[in-house]
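**Q** Starting from these lines, generate the structure:
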Amino acid sequence: MEARAELKQVRISPRKVGIVLNLIRNKPCDMAMAILRQTPKSASEPLMKLLKSAMANAENNHDMDVGNCFVSQCWCGAGVTLKRIRPKDHGRAHRILKRTSNIVLVVKETQ
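**A** Down below sits the predicted model:
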């Protein structure tokens, strides 16, 4: 049995989110939450909320014991890219790409 939670259109680059996801992959949920609390990255706050949501889904929707759960899978993909323009010299304009992320976190119960 597995429970999952998804977070879409987060205003953080997928590359930056992937660094934090690698820290919590295959860890127990309570340890993953402690790691996210102590990690000084901008992606750790939305991931903390996402992990809480996945744990709540496991407990309420699938009757799983949250104490025995671990992060079995987590991945991040590119969301919609916001295109902005930055003025440059001599009337030119340069494109700025503001990237977003779609994050999925799956929690399973140990046997």
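
**Q** what ranges do the helices span in the chain?
**A** Using DSSP state H, the helices found in the chain span residues 14-24, 29-38, 44-62.

**Q** could you dump the ones you listed to JSON lines with mean pLDDT, mean neighbour count and distance to Met1?
**A** To be clear about C-beta, it is placed using only N, CA and C from the backbone, and glycine gets the same treatment. Output for the helices of the chain, formatted as JSON lines (pLDDT from 0 to 100; neighbours: other CB atoms under 10 Å; distance: least, CB to CB, whole Å):
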{"stretch": "helix 14-24", "mean pLDDT": "96", "mean neighbour count": "17", "distance to Met1": "20"}
{"stretch": "helix 29-38", "mean pLDDT": "96", "mean neighbour count": "16", "distance to Met1": "14"}
{"stretch": "helix 44-62", "mean pLDDT": "95", "mean neighbour count": "17", "distance to Met1": "5"}
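
**Q** for those helices, which one sits closest to Arg84?
**A** helix 14-24 (18.0 Å; CB to CB).

**Q** Number of residues surrounding the closest residue to Ser42 other than its chain neighbours?
**A** If you skip the residues right next to it in sequence, Ser42 has Ile12 as its closest partner in space, 5.9 Å away by CB to CB, 6 or more residues apart in numbering. When neighbours are defined as other CB atoms under 10 Å, Ile12 has 20 of them.

**Q** In contact with Ile12, which residues?
**A** With contacts defined as CB atoms under 8 Å, 6 or more residues apart in numbering, the neighbours of Ile12 are 42-43, 46, 99-101.

**Q** re the thing from before, looking at the helices of the chain, spot the one closest to Trp75.
**A** Among the helices of the chain, the nearest to Trp75 by CB to CB is helix 14-24 (7.1 Å).

**Q** tell me what the closest one is packed against?
**A** Judged by 3 or more CB pairs under 8 Å, 6 or more residues apart in numbering; DSSP states H and E, the packing partners of helix 14-24 are helix 29-38, helix 44-62, strand 69-78, strand 101-109.

**Q** Can you give the strand pairings for the shortest one, parallel or anti for each?
**A** Take DSSP bridges as the rule and strand 101-109 pairs in its sheet with strand 2-10 (antiparallel), strand 69-78 (antiparallel).
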